[in-house]
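Engineer: One predicted model, sequence on top.
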Amino acid sequence: MERGFTFHRTLGIPYIPAESIKGVVRLVYLVEKAQEDPNFFENWAREDNLFWNELSKPFGRMEKEGKSAQRGKVVFLDALPIEPPELTLEIITCHYPEYYEERRGPTEDQHPRPLPFLAVAPGSKFRFILLIHEDLEEEFRKRVREAFEAALTEHGFGAKTALGHGRFNKNV
């Protein structure tokens with residue numbers, strides 16, 4: 001049943017976990033950095049510390065080998081619906097079930113298997129909250145806000161974003 005989204009364990013409603021929002025915003029942030037500087041990833045690969053120092057300012061990081069975590073200056077909260085959302089039924093179709101079951105190759109004689117799943121109906125409204133520490137430099141504030149907005153409206157959250165799922169209109 002949770003193929004399309006996650007139910008909040010306590011509230012029992014669909015929601016978007018904060019770590020998912022953070023991951024998409026961080027990805028958008030990296031993509032925008034790479035668009036500005038085509039050598040960004042090449043430099044990052046050579047000097048991982050530069051990359052982490054830059055991203056730890058806004059996003060925080062977890063140290064390796066059991067060391068303590070560093071809190072970022074940007075905090076993401078779970079996105080919860082403003083009112084109980086309407087659920088709808090969607091279908092994903094596995095066209096080569098025996099291939100995915102590792103029984104044989106993807107051949108045209110296999111019968112497609114429709115797999116129904118629940119989705120949040122279009123028009124449902126969610127509240128996204130992003131807390132930015134006042135000590136964060138203005139340039140990073142601007143970059144994080146732009147990445148956050150692009151994550152909401154252009155990139156989307158979860159699967160099936162190419163079909164319109166997981167994208168939101170900005171209503172501040």
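Structural biologist: Perfect, I can see it now. Numbers count the residues shown, from 1 in each chain.
Engineer: Count the neighbours of the closest residue to residue 133 other than its chain neighbours for me.
Structural biologist: With Cβ to Cβ, 6 or more residues apart in numbering as the criterion, residue 133 has its nearest non-adjacent residue at 3.8 Å, and that residue is residue 73. Any C-beta I mention is one placed from the backbone N, CA and C, and that applies to glycine too. Other residues near residue 73 number 19, with proximity taken as other Cβ atoms under 10 Å.
Engineer: Can you list the neighbours in contact with stretch 100-109?
Structural biologist: Stretch 100-109 is contacted from outside by 94-96, 98-99, using Cβ atoms under 8 Å, 6 or more residues apart in numbering.
Engineer: And the longest helix seen in the chain, what does it pack against?
Structural biologist: Secondary structure assigned by DSSP state H gives helix 18-36 as the longest helix of the chain. Where contact means 3 or more Cβ pairs under 8 Å, 6 or more residues apart in numbering; DSSP states H and E, helix 18-36 is packed against helix 40-46, helix 48-59, strand 74-76, helix 138-150.
Engineer: In strands only, show me the contacts of stretch 100-109.
Structural biologist: The strands, defined by DSSP state E, take in residue 94 from the contacts of stretch 100-109.
Engineer: Please pick the buried ones from the contacts of stretch 100-109.
Structural biologist: Neighbour counting by 16 or more other Cβ atoms under 10 Å classes residue 96 among those as buried.
Engineer: how far out from the middle of the chain is the longest helix of the chain?
Structural biologist: 9 Å (Cα atoms, centre = their mean, to the nearest Å).
Engineer: quick check: angle from that helix to helix 138-150?
Structural biologist: Interaxial angle of helix 18-36 relative to helix 138-150 (axes from the mean of the first three to the mean of the last three Cα atoms, to 10 degrees): 110 degrees.
Engineer: Give the rounded mean pLDDT of helix 18-36.
Structural biologist: For helix 18-36, the mean pLDDT works out to 84.
Engineer: Kindly list the main-chain dihedrals of the residue of the chain most remote from its centre?
Structural biologist: Distance from the C-alpha centroid of the chain, by Cα atoms, centre = their mean, peaks at residue 109 (36.4 Å). Note on residue 109: its backbone torsions stand at phi -90, psi 0 [degrees, to the nearest 10].
Engineer: now residue 137
Structural biologist: The phi/psi pair for residue 137 (degrees, to the nearest 10) is phi -60, psi 150.
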